[in-house]
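[1] structure for the following, please:
(chains A, B, C and D)
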2 protein chains.
Amino acid sequence: MSIKYVILGFLSWRSLTGYELKQLFVESATLFWSGNSNQIYTPLAELHKEGLVSVEVQPQGTRPPRKVYSLTPKGWDMLKGWVLSQPEAPVQKNAFLLQLAWADQLAVEELDDLLQSYEERLQMQLLIFRELAQRQQAPQRTPRETFLWQSIERNWISFYESELYWTQSVRAQLNTEFREV
Amino acid sequence: MSIKYVILGFLSWRSLTGYELKQLFVESATLFWSGNSNQIYTPLAELHKEGLVSVEVQPQGTRPPRKVYSLTPKGWDMLKGWVLSQPEAPVQKNAFLLQLAWADQLAVEELDDLLQSYEERLQMQLLIFRELAQRQQAPQRTPRETFLWQSIERNWISFYESELYWTQSVRAQLNTEFREV
DNA sequence: GAGATCATGTAAGTTGTTACATGATTCG
DNA sequence: CGAATCATGTAACAACTTACATGATCTC
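    Numbers count the residues shown, from 1 in each chain, chains lettered A, B, ... in the order given. So this is what the prediction gives:
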């Protein structure tokens, strides 16, 4: 459940309310989380019970009181421990590959159309992420942190570039070596 | 819920029991599914209720009866419809990127160690997938289908290669441009 | 005689999603 | 006067995971 760690991470910058956390989640598309309330308020309550964050409740009359969460020393330790933990191998979730696995039933043009629309989908994704990379402000705290955040953006871009390159080469091979007789 | 479609896909080759399906899931690591019973028997029952597969029950004395499932014409239509459906953009699930986002708290060597262990993890993953690509028998039905299955394997390999390349370049930059003062 | 294979299934838990609920205040 | 913003939360659902349950038969 890395979402808890990401919450700890944001709180390591500064104290935040659940509402503000939610916005950070939505803004940073590279995190790839919907940022729904359920995914913020429930884990926050748990983190509080575990003593990793502390709360300062600020009543404000009519509105629900602001609950400003802060990292406790225990929370800092937990965050650092997670950052240093053994990295897992990434996994891609690619439903298109499954479609392709049973695409031999398609006619030559149908298959090329399918690959083309995947290619276009990837081009679109690249546009989105390239634009995001320009817009998104990395936490401007140290040059190295800025570099790390930019590297993460570049990772997403190179993921889609690599996928695009693969698609184009599959298409090309299908059109040269597997033309109809 | 593309798992149902994958089941339809396997059944398009030949009639199969739940048990056999389970093995196919486990064998083909590119599908990336655990292939647990819950993920086979329940969807199969649903597919049957929806009229996409038919069952022939073969009692066999003491053991549970074999239930041999086959694609119905409706199931074929469903499968083809899914194969032709608008492809979605892939997504990577990469927890390491999240660790990296808060890795500026680390010392120079700690950060390099972290990247190195990610790099090693990727190397291992590449070994696994390259070996799998050699072992795994694509359905030997048409040359084009064989090509498609090999392309899927190459996709996974190039995914990890691209990730590895990115990691090495991040490491190199950190070691040249962000050395301690 | 222990463990793998055949063959079915269920139960409980995790992680995430979308949608629902409330209600004041501020902006165009 | 309608929509967005501030601010909390709950409920229901979806997809997938690990572990449990049963029991014969075949292999070492």
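[2] tell me how far the residue in chain A that DNA strand C sits nearest to lies from A:Leu21.
    Residue nearest to DNA strand C within chain A (C-beta to the nearest atom of the strand): A:Asn36, separated by 2.9 Å. To be clear about C-beta, it is placed using only N, CA and C from the backbone, and glycine gets the same treatment. For A:Asn36, the distance to A:Leu21 equals 12 Å [C-beta to C-beta, to the nearest Å].
[3] quick one: which of the two has more around it?
    A:Leu21 (21 against 11; other C-beta atoms under 10 Å in any protein chain shown).
[4] and that one, what element?
    Assessed by DSSP states H and E, A:Leu21 sits inside helix A:18-27.
[5] which other helices and strands does that helix contact?
    helix A:2-13, helix A:38-49, strand A:63-71 (3 or more C-beta pairs under 8 Å, 6 or more residues apart in numbering or on different chains; DSSP states H and E).
[6] pick out the shakiest of the ones you listed, pLDDT-wise.
    Among those, strand A:63-71 carries the lowest mean pLDDT, a mean of 90.
[7] check whether stretch A:82-94 comes into contact with chain B.
    Yes. Judged by C-beta under 8 Å from any C-beta of the partner chain, stretch A:82-94 comes into contact with chain B at A:82-94.
[8] and the residues you listed, which of them are in strands?
    A:Val91, A:Gln92, A:Lys93 (DSSP state E).
[9] what is the burial count for the closest residue to the first one other than its chain neighbours?
    It stands for A:Val91. Spatially, and ignoring its direct neighbours in sequence, A:Val91 is nearest to B:Lys93 (4.9 Å; C-beta to C-beta, 6 or more residues apart in numbering or on different chains). The local packing of B:Lys93 (other C-beta under 10 Å) involves 12 other residues.
[10] quick one, what contacts B:Lys93?
    B:Lys93 makes contact with A:Pro90, A:Val91, A:Gln92, A:Lys93, according to C-beta atoms under 8 Å, 6 or more residues apart in numbering or on different chains.
[11] look up which residues are beta-bridged to the last one.
    On DSSP bridges, the residues paired with A:Lys93 through beta bridges are B:Val91.
[12] who are the packing partners of the host helix or strand of A:Leu98?
    Using DSSP H and E, the secondary-structure element containing A:Leu98 is helix A:95-101. Applying 3+ C-beta pairs under 8 Å, 6+ apart, one finds that helix A:95-101 makes contact with helix A:108-135, helix B:3-13, helix B:143-177.
[13] what's in contact with that helix?
    A:114, A:118, B:2, B:5-6, B:9, B:30-31, B:82-83, B:85, B:87-88, B:90, B:148-149, B:151-152, B:155.
[14] shaky segments in chain A?
    For chain A, applying pLDDT under 70 flags the ranges A:61, A:137, A:180-181.
[15] need the residues of chain A near DNA strand D, please.
    Applying C-beta under 7 Å from any atom of the strand, we find that chain A lies next to DNA strand D at A:17-20, A:22-23, A:36-38, A:41-42, A:44-45, A:60, A:63-67.
[16] change it to 10 Å
    A:16-23, A:36-42, A:44-45, A:48, A:55, A:57-58, A:60, A:62-69, A:93, A:95, A:98 (C-beta under 10 Å from any atom of the strand).
[17] how close does A:Lys138 sit to A:Lys22?
    I think there's a mix-up here, since residue A:138 is Ala and not Lys. 20 Å.
[18] again but with A:Tyr118, I slipped
    33 Å.
[19] and for A:Gln168?
    With C-beta to C-beta as the criterion, A:Gln168 and A:Lys22 are 39 Å apart.
[20] who has more neighbours, the two?
    A:Lys22 (19 against 13).
[21] on that earlier part again, let me see the contact set for the closest residue to the residue of chain A closest to DNA strand C other than its chain neighbours.
    Leaving aside its chain neighbours, A:Asn36 sits nearest to A:Lys22 (7.9 Å; criterion: C-beta to C-beta, 6+ apart). By C-beta under 8 Å, 6+ apart, the contact set of A:Lys22 is A:Gly35, A:Asn36, A:Ser37, A:Ile40.
[22] spatially, which two of these are the most separated?
    A:Gly35 and A:Ser37 (8.5 Å; C-beta to C-beta).
[23] and these two? Which one has more around it.
    More neighbours surround A:Gly35 than the other of A:Gly35 and A:Ser37, with 16 against 10 (other C-beta under 10 Å).
[24] neighbours of the nearest residue to that one once chain neighbours are set aside, just the number please.
    Distances taken as C-beta to C-beta, 6+ apart put A:Phe25 closest to A:Gly35, at 3.2 Å, once the chain neighbours are dropped. Neighbour count of A:Phe25, defined by other C-beta under 10 Å: 21.
[25] ok, A:Arg63 next?
    By other C-beta under 10 Å, the burial measure for A:Arg63, its neighbour count, is 7.
[26] then A:Phe178?
    Using other C-beta under 10 Å, A:Phe178 is surrounded by 15 other residues.
[27] please report how far it lies from B:Gly9.
    From A:Phe178 to B:Gly9 the distance is 20 Å (C-beta to C-beta).
[28] what's near enough to touch A:Leu111?
    Applying C-beta under 8 Å, 6+ apart to A:Leu111 gives the contacts A:Ala103, A:Leu174.
[29] A:Tyr160 versus that one, what's the distance?
    For A:Leu111, the distance to A:Tyr160 - C-beta to C-beta - is 22 Å.
[30] try A:Val68
    Here the criterion is C-beta to C-beta. By it, A:Val68 lies 38 Å from A:Tyr160.
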